[in-house]
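[1] What follows is a predicted protein model with its sequence.
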Amino acid sequence: MDTQVLTTSLFLLVVAATVGITFWASRQTKTAADFYSGGRSFSGFQNGLAIGGDYMSAASFLGISGAIALYGYDGFLYSIGFLVAWLVALLLVAEMLRNAGRYTMADQLAFRMSQRPVRTAASISTVVVSIFYLLAQMVGAGSLVALLLGVNSEALKNLTIVGVGALMIFYVVVGGMKGTTYVQIVKAVLLMIGSALIVVLVLAEFNFNLSSLLGAAAENSGKGEEFLAPGLQYGASLTSKIDFLSLGLALVLGTAGLPHILIRFYTVPTAQDARKSVLWAIGLIGAFYLMTLVLGFGAAALLDRDQVDPAVGGNQNLASPLLAEAVGGGEGSTGGAVLLALIAAVAFATILAVVAGLTLASSSSVAHDLYKGVIKKEGTITEKDEVKVARIAAFVIGAVAIALSIPAQRLNIAFLVALAFAVAASANLPAIIYNMFWRRFNTRGATWSIYGGLIAAVGLVFFSPVVSSLPTSLFPDSDWAIFPLNNPGIISIPLGFLLGYLGTITSRDPAAEDRFTELEVRALTGAGAEQAVQH
Amino acid sequence: MTEQEQAARHDPIYDRLHATPEFAELRRRYRGFVFPATVAFLAWYLLYVILSNWAGDFMSTQVVGNINVALIFGLLQFVTTFGLAWMYARFSAAKLDPLARQLDAEYRKGDDV
């Protein structure tokens, strides 16, 4: 069968399955707690799968294996940061957030601070992080579909972006958290099975000998031994080394500040279930990143350089799908066509699940924090209205993401994701950590750290080579790049923490300090925490 | 219950629970585990990042066949992440959950009267 027909059919099958799930979930979505948190009724294992589905994005599946295929060992450095980061979520954030909050990241700050300023700040930063992350996924979807269907036309890419945007709005508006969660669970299972299949086929080519796989990758890459050691991508100069350190910090500290990850902790009945879901997620995500190692080196060993290296006309983001084709029997063979279509469909499902999670996180925050907490007067809004506003917000955010994605297609996917992590680590993490562990922390500290971290991270990128001065920049013909690094984390993350500290010690908020007693008891014991919804 | 009411409420039972020796012990055990653990895994991760950047010769030393120090170091990060997660799961189930459940039960009892 023709690969394109097969690929298209599998794409449509994925879409049909997820649309079916969403309609089914919509029948069980009645209250605000259902819409925002799936009624808090998922088990730790289900939520662990959904976290994996929410987290293992196209940037991981296509981006990391592509980076390993291209740069060898340096691509693997991403995986390690992305995994170790989960320890921050496990030890410091997941359980306490589950006990102290309700629906959004802002809830646990608003628990003891002035509602309006902290909800406004947290909501703005939630939307900014989510939009950067959404752009990465949608741009990825556009190029994936265009390249797999073999039609490199702008019109098809734009059509794909609009299609993905329409689907993600549909999942969130109709299915709420329940629909989104099931889409993520299905995706996580598909991704693990699909990757495992290709990994086994790759290892079989080398008689399950990792050393010979690495040897073949080093030889085929044309770089030799260097390909297996750090330095090919980041070792060029002191600036690039510091850039890597900056990226490493953003990756390890960003995860526990990502709004679409944080709201997943509210979908389980207790803090113990939140802990279990992170443990499952760590197992799943760790196993997945070990597989990307084999996929990346496998692609380096088995594919021609002109398939993966953009310098000679390849595309690194397609390393995994092309590898699937190669181990299935090569171009033109039935096995190759089937595996290529399968992995492409898995990648497509991956994108759909992640964009749904992001849209849900930002629309929840707009409805629950901005509309209910800031714009409307106390007690003048019903639960029904709030959910209606969340659905409208999903529409608006989806439309904005579509509109921004079309001109953003020049930007590198991995960069956009790294930027979202840097903003999350700089703006969100300091406030979350201070709020849980520091009685003295107050409203001014929270707003300073959120706005300061956010403005520093986005501002430094604006003055970096990503935006101007280089041929690969967004504006290659201009030069206002006064900041030398691509990733702002090394400056903006400490700045977020510092501003949180300075804002706190220059003001007093006795009510916030007093209510820390209640927050601490609730966070550690679960006394008075939100209960699961009984249907 | 709206968020605004939530912010105004301050149930005195939280002060009582906060003052109990059980709560002090729970907080001591929790912080006693997570603070050193966080410092340790962040230091271990940063060591790895710094060695990757500035100790290229050491990291590219081959150990077995084509498997070099860098790969082993990277895989060790996976091992320590899985290991620490497993240790925390055991620790919290044995040392934290019983105390938390006991305090939560006292809260529910106090809430009813």
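    In hand now; what should we look at?

[2] Provide a list of residues in contact with the residue nearest the centre of chain A.
    Per Cα atoms, centre = their mean, the C-alpha nearest to the average position across chain A is that of A:Tyr55, at 5.0 Å. Taking Cβ atoms under 8 Å, 6 or more residues apart in numbering or on different chains as the contact definition, A:Tyr55 lies against A:Phe82, A:Thr255, A:Ile261, A:Ala281, A:Ile285, A:Val354. (Glycine included, C-beta is placed from N, CA and C.)

[3] Could you tell me how far it is located from A:Val139?
    Going from A:Tyr55 to A:Val139 by Cβ to Cβ, to the nearest Å gives 19 Å.

[4] before we move on, what about A:Leu13?
    Using Cβ to Cβ, one gets 24 Å for the distance from A:Leu13 to A:Val139.

[5] quick one, which of these two is more surrounded?
    Neighbour comparison, A:Leu13 and A:Val139: the larger count goes to A:Val139, with 23 against 12 (by other Cβ atoms under 10 Å in any protein chain shown).

[6] That one contacts A:Gln409, doesn't it?
    Yes: under the criterion of Cβ atoms under 8 Å, A:Val139 is in contact with A:Gln409, at a separation of 5.3 Å.

[7] in the helix or strand harbouring A:Val199, what's buried?
    With elements taken from DSSP states H and E, the one containing A:Val199 is helix A:176-205. Residues of helix A:176-205 classed as buried by neighbour count (16 or more other Cβ atoms under 10 Å in any protein chain shown): A:176-188, A:190-192, A:194-195, A:197-199, A:201-203.

[8] burial count for A:Val5?
    A:Val5 has 11 neighbouring residues, counting by other Cβ under 10 Å.

[9] So it lies in a helix, does it not?
    Yes: the assignment for A:Val5 is a helix, going by DSSP: H, G, I helix; E, B strand; the rest coil.

[10] need the contact list for B:Leu17.
    A:Val521, A:Thr525, A:Ala527, B:Phe23, B:Leu103, B:Glu106, B:Tyr107.

[11] Among those residues, name the ones in helices.
    Counting by DSSP state H, the contacts of B:Leu17 place A:Val521, A:Thr525, B:Phe23, B:Leu103, B:Glu106, B:Tyr107 in helices.

[12] So for the first one, what's the pLDDT?
    A:Val521 is assigned 93 on the pLDDT scale.

[13] do A:Met105 as well
    What the model reports as pLDDT for A:Met105 is 90.

[14] repeat for A:Phe415
    On the pLDDT scale, A:Phe415 is placed at 74.

[15] A:Leu232 is in contact with B:Ala70, correct?
    No: using Cβ under 8 Å, B:Ala70 and A:Leu232 do not qualify as a contacting pair, with a distance of 11.5 Å.

[16] residue closest to the middle of chain B?
    Among the residues of chain B, the smallest C-alpha distance to the mean C-alpha position (Cα atoms, centre = their mean) belongs to B:Val34, namely 3.9 Å.

[17] So for that residue, what's the nearest residue that isn't a sequence neighbour?
    Computed as Cβ to Cβ, 6 or more residues apart in numbering or on different chains, the closest residue to B:Val34 that is not its neighbour in sequence is A:Leu91, at 4.3 Å.

[18] in terms of contact, does that neighbour touch B:Val39 like I think?
    No: using Cβ under 8 Å as the test, A:Leu91 is too far from B:Val39 to be in contact (10.8 Å).

[19] Could I get the contacting residues of residue 89?
    I'll assume chain A. A:Thr255, A:Ala256, A:Ile261, A:Val278.

[20] Chain B, not that one
    Applying Cβ under 8 Å, 6+ apart to B:Ala89 gives the contacts A:Arg275, A:Leu279.

[21] Just confirm it is within a helix.
    Yes: assessed with three-state DSSP, B:Ala89 lies in a helix.

[22] What are the neighbouring residues in contact with whichever residue of the stretch 401-535 of chain A sits closest to chain B?
    When Cβ to the nearest Cβ is the measure, the stretch 401-535 of chain A has its nearest residue to chain B at A:Ala527, with 3.5 Å between them. With contacts defined as Cβ under 8 Å, 6+ apart, the neighbours of A:Ala527 are A:Val521, B:Ile13, B:Tyr14, B:Leu17, B:Leu103, B:Asp104, B:Glu106, B:Tyr107, B:Arg108.

[23] Could you do A:Ser365 as well?
    By Cβ under 8 Å, 6+ apart, the contact list for A:Ser365 reads A:Thr104, A:Met105, A:Ala106, A:Ala122, A:Ser123, A:Thr126, A:Val127, A:Pro259.

[24] and of the contacts of A:Ala89, the nearest to A:Gly373?
    Proximity to A:Gly373 was ranked across these by Cβ to Cβ; first place goes to A:Ile261, at 21.4 Å.

[25] Surely A:Gly335 touches A:Gly329?
    Yes: shown here, A:Gly335 and A:Gly329 form a contact pair, counting by Cβ under 8 Å, at 3.7 Å.

[26] from the contacts of A:Ala89, which single one is nearest chain B?
    Sorting these by distance to chain B puts A:Val278 at the head of the list, at 7.7 Å, by Cβ to the nearest Cβ.

[27] Am I right that that closest one is in a helix?
    Yes: counting by three-state DSSP, A:Val278 is found in a helix.

[28] any idea how far it is from A:Glu95?
    Using Cβ to Cβ, which is the criterion applied here, A:Val278 is 9 Å from A:Glu95.

[29] higher neighbour count, these two?
    Each of A:Val278 and A:Glu95 has its neighbours counted (other Cβ under 10 Å); A:Val278 has more, 30 against 26.

[30] Enumerate every residue touching the residue lying closest to that one once chain neighbours are set aside.
    Of all residues not flanking A:Val278 in the chain, A:Leu90 sits nearest, at 4.5 Å (Cβ to Cβ, 6+ apart). Applying Cβ under 8 Å, 6+ apart, one finds that A:Leu90 lies in contact with A:Arg275, A:Val278, A:Leu279, A:Ile282, B:Ala85, B:Tyr88.

[31] Is it correct that the second one is in contact with A:Gly48?
    Same thing as A:Val278. Yes: in this structure A:Val278 lies within contact range of A:Gly48 using Cβ under 8 Å: 7.2 Å.

[32] if we can go back for a sec, in the contacts of A:Leu90, which residue is surrounded by the most others?
    For the contacts of A:Leu90, the largest number of neighbours (other Cβ under 10 Å) sits with A:Val278, at 30 neighbours.

[33] and it, how far is that from A:Asp514?
    Using Cβ to Cβ, we find A:Val278 at a distance of 31 Å from A:Asp514.

[34] repeat for A:Ala146
    Taking Cβ to Cβ as the criterion, A:Ala146 is separated from A:Asp514 by 57 Å.

[35] neighbour-wise, which of these two wins?
    Each of A:Ala146 and A:Asp514 has its neighbours counted (other Cβ under 10 Å); A:Ala146 has more, 20 against 13.
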